[in-house]
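Asker: Dropping a prediction and its sequence here:
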Amino acid sequence: MKKLTHIVFAVSGGGWVKAHWRRGGSEESAWLRFEPGGRKRKGLPQPRWVLVALQVKNPTAQRLADIPLARLKTAWNASAFEELGEELRDNLDRPMSADLDKEHQNLRQAQPRKKFKRPDGSPRDEAFLREVAFSYRDAVARGLNPGKTLAEDSGVPYSTVAKWIARTRETEKGYLPPAQQGKVTT
């Protein structure tokens, strides 16, 4: 089996999270529904998230077997995704239609966009890279040019933002997947 890399999440309403991952040269995605539950983690104010539902387009036995559920659940519950956990908590009661992709796009466009502010940390700091990735994915979900949007929000040149995005892609935690020429990759 090929090595799993670059797990990325996008939060929607009703506890639904779109998970994207890359294994070998192919990129896959699935909708996961989480609810707060499970044991409380030591030193953290919130309990773990529990996976309660899964939705995949064109499910086949092989495609379902290839979904790395344990890795996705672990990654979601990891401390790196605490800010996404807060967003999920804020949208738990929002009703969702059967077409999760369309509903997610409508939700993103209806919510006011949180403008990217350059954190005080170093561009190599993990918290900074997570913030860049979050703002990048949010801009893409709203149909905006992510690099241009982050540059305008932070008041820095586009070339500086391009370097931040490149560092975000290069980190071994894989906050954003590797770039593909001519395609915005989230």
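Answerer: Cool, got the structure.
Asker: Counting by contacts, list what the helix or strand harbouring residue 30 packs against.
Answerer: Using DSSP states H and E, residue 30 sits within strand 26-40. With contacts defined as 3 or more Cβ pairs under 8 Å, 6 or more residues apart in numbering; DSSP states H and E, strand 26-40 has these neighbours: strand 16-23, strand 47-55, helix 69-77. No exception for glycine: its C-beta is placed from N, CA and C like everyone else's.
Asker: With mean pLDDT, distance to residue 137 and mean neighbour count added, can I get these in JSON lines?
Answerer: Putting the helices and strands packed on strand 26-40 into JSON lines (pLDDT from 0 to 100; distance: least, Cβ to Cβ, whole Å; neighbours: other Cβ atoms under 10 Å) gives the following:
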{"stretch": "strand 16-23", "mean pLDDT": "79", "distance to residue 137": "9", "mean neighbour count": "20"}
{"stretch": "strand 47-55", "mean pLDDT": "83", "distance to residue 137": "19", "mean neighbour count": "15"}
{"stretch": "helix 69-77", "mean pLDDT": "82", "distance to residue 137": "15", "mean neighbour count": "16"}
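Asker: where does the chain have low pLDDT?
Answerer: For the chain, the stretches with pLDDT under 70 are 1-6, 24-25, 38-47, 79-83, 97, 104-111, 119-124, 171-174, 180-186.
Asker: Can you flag the residue of it lying furthest from its geometric centre?
Answerer: residue 61 (25.7 Å; Cα atoms, centre = their mean).
Asker: now the lengthiest helix in the chain, how far from the centre of its chain.
Answerer: Longest helix of the chain, by residue count under DSSP state H: helix 126-141. Centroid separation for helix 126-141 versus its chain: 8 Å, with Cα atoms, centre = their mean, to the nearest Å.
Asker: Only alpha carbons, please: show it as PDB.
Answerer: Taking Å, rounded to 0.1, in the frame of the first residue of the first chain, the C-alpha atoms of helix 126-141 are listed here in PDB:
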ATOM      1  CA  GLU A 126       3.800  25.900  13.000                       C
ATOM      2  CA  ALA A 127       0.900  28.100  14.200                       C
ATOM      3  CA  PHE A 128       1.700  30.600  11.500                       C
ATOM      4  CA  LEU A 129       1.800  27.900   8.800                       C
ATOM      5  CA  ARG A 130      -1.600  26.500  10.000                       C
ATOM      6  CA  GLU A 131      -3.100  30.000   9.800                       C
ATOM      7  CA  VAL A 132      -1.800  30.400   6.300                       C
ATOM      8  CA  ALA A 133      -3.300  27.000   5.300                       C
ATOM      9  CA  PHE A 134      -6.600  27.800   6.900                       C
ATOM     10  CA  SER A 135      -6.900  31.200   5.200                       C
ATOM     11  CA  TYR A 136      -5.800  29.700   1.900                       C
ATOM     12  CA  ARG A 137      -8.500  27.000   2.000                       C
ATOM     13  CA  ASP A 138     -11.200  29.500   3.100                       C
ATOM     14  CA  ALA A 139     -10.400  31.800   0.200                       C
ATOM     15  CA  VAL A 140     -10.600  28.800  -2.300                       C
ATOM     16  CA  ALA A 141     -13.900  27.700  -0.800                       C
END
